[in-house]
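In: give me a 3D structure for the following:
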Amino acid sequence: MAQNAPLILRLLASSVTAANRAGKIIRDIMTRGDLGIVDKGINDLQTEADRSAQRCIVASLCQQYPDLTIIGEEETNNHEVPSDWIVTDYDKLVLTKECPQEYENIKKEDIVVWVDPLDGTSEYTQGLLEHVTVLVGLAVKGRPIAGVIHQPYYNYKSGNILGRTIWGLVGVGVGGFDPQNAPSDKFIATTTRSHSDGTVQKALEALNPDEIIRVGGAGNKVLLLIEGKAHAYVFASKGCKKWDTCAPEAVLLATGGQLTDMHGSLYYYGKDVACPNVGGVFATTRGINHEVLLSKIPQEVKDKLK
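Out: As a prediction, this is how the structure comes out:
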């Protein structure tokens, strides 16, 4: 069945199993205790879990899809990947879905895979494990149409760490979770936990939210939107990258939400694009008028993100 499925379904099904395996690697490294932390710059840490999880995902996908364009957050190396890190099976649920007609004949050269092997590294090193996600986004001709958000530590405080994996395909919907509507009696915004500044604060104040949820990781913030825990994700800063937003944007789009920069422009995820999201991030859950909400952001905030 798998080999007869359209390429985009097979690749999404492979990405789900690779993200699951990467999540186990992340948990194993934390259990071992030596995180192998490297400081890449201001507020930019890397751990052995970041490096190993990326090697797992890239090796797994490359073995099944040679010459596939994959862009990951961490620098690649030629270290040999343990054989048990390479997974080549498929998520069976994904393969049962009917592929939208416009995706049936997508060619490999039209696809770019964006990988953030451990979104929320700072929180990972601080033990805030519920913030951590593994992100695999599939962009076709520059636009994100499918994505995987894996939570290695979902519900870990209950003592039963199995993780949770949510995937989305535009035109099909999401798997692993039923999207929820945000409260109708108040307005909740989510934003950065550790990268806030005056510009971010001005954007939030302009929206006058009843509540602000400050958490780590782009994947984690978008999950709050689709879980019905927040209405908007507001980040008026240049700190986000394409590997942070490709998978979350695809999953959000699949639920009826929207993600743009602070000017309302879409991000392009082609293989030759610059990685920083210099226009910031503004995302809304389904049922929210994205444009009306965005129009409340002061021009002086937008001018700082050109």
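In: what about residue 182, distance to residue 251?
Out: Distance of residue 182 to residue 251, given as Cβ to Cβ, to the nearest Å: 16 Å. (C-beta placed from N, C-alpha, C; glycine too.)
In: residue 3: neighbouring residues, count only.
Out: 6 (other Cβ atoms under 10 Å).
In: pLDDT score assigned to it?
Out: Listed pLDDT for residue 3 reads 77.
In: equivalent analysis for residue 35, please.
Out: pLDDT for residue 35: 61.
In: low-confidence stretches in the stretch 201-306 of the chain?
Out: Applying pLDDT under 70 to the stretch 201-306 of the chain flags no residue at all.
In: mind listing the strands for it?
Out: Counting by DSSP state E, counting those that start in this stretch, the stretch 201-306 of the chain has these strands, from start to end: 211-215, 232-235, 258-260, 281-284.
In: what bits of the stretch 1-150 of the chain have low per-residue confidence?
Out: Applying pLDDT under 70 to the stretch 1-150 of the chain picks out residues 1, 33-46, 75-79.
In: just the strands from it, written as ranges.
Out: So, for the stretch 1-150 of the chain - with DSSP E, counting those that start in this stretch - the strands run 38-41, 44-46, 69-72, 111-119, 133-140, 143-151.
In: helices or strands up against the helix or strand just after the last one?
Out: This points to strand 143-151. Per DSSP states H and E, the first helix or strand lying C-terminal to strand 143-151 is strand 164-169. Applying 3 or more Cβ pairs under 8 Å, 6 or more residues apart in numbering; DSSP states H and E, we find strand 164-169 packed against helix 7-32, strand 143-151, strand 173-175, helix 242-254.
In: what residues does strand 164-169 touch?
Out: Contacts to strand 164-169, defined as Cβ atoms under 8 Å, 6 or more residues apart in numbering, come from residues 8-9, 12, 15-16, 19-20, 23, 91, 94, 97, 100, 103, 145-151, 154-155, 174-177, 223, 226, 250-255.
In: 6 Å - rerun?
Out: 16, 20, 146-151, 154, 174-177, 250-251, 254 (Cβ atoms under 6 Å, 6 or more residues apart in numbering).
In: run me through the strand neighbours of it, direction for each.
Out: Using DSSP bridges, the strands paired with strand 164-169 in its sheet are strand 143-151 (antiparallel), strand 173-175 (antiparallel).
In: about what we covered before: in JSON lines: the strands of the stretch 1-150 of the chain, plus distance to residue 215 and mean neighbour count.
Out: Formatted as JSON lines, those follow (distance: least, Cβ to Cβ, whole Å; neighbours: other Cβ atoms under 10 Å):
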{"stretch": "strand 38-41", "distance to residue 215": "21", "mean neighbour count": "10"}
{"stretch": "strand 44-46", "distance to residue 215": "17", "mean neighbour count": "17"}
{"stretch": "strand 69-72", "distance to residue 215": "23", "mean neighbour count": "19"}
{"stretch": "strand 111-119", "distance to residue 215": "11", "mean neighbour count": "27"}
{"stretch": "strand 133-140", "distance to residue 215": "11", "mean neighbour count": "29"}
{"stretch": "strand 143-151", "distance to residue 215": "12", "mean neighbour count": "28"}
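In: which one, of those, ends up nearest to residue 274?
Out: strand 69-72 (11.3 Å; Cβ to Cβ).
In: so in that sheet, which strands flank the closest one, and in what orientation?
Out: strand 111-119 (parallel).
In: switch the strands of the stretch 1-150 of the chain over to TSV; also include distance to residue 205.
Out: Conversion of the strands of the stretch 1-150 of the chain to TSV gives the following (distance: least, Cβ to Cβ, whole Å):
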stretch	distance to residue 205
strand 38-41	29
strand 44-46	27
strand 69-72	35
strand 111-119	27
strand 133-140	28
strand 143-151	29
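In: thinking again about what came up before, closest to residue 297 out of the helices and strands packed on strand 164-169?
Out: helix 242-254 (17.9 Å).
In: returning to what we had before: got the helices and strands packed on strand 164-169 as TSV, with distance to residue 294 columns?
Out: Formatted as TSV, the helices and strands packed on strand 164-169 follow (distance: least, Cβ to Cβ, whole Å):
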stretch	distance to residue 294
helix 7-32	29
strand 143-151	19
strand 173-175	24
helix 242-254	15
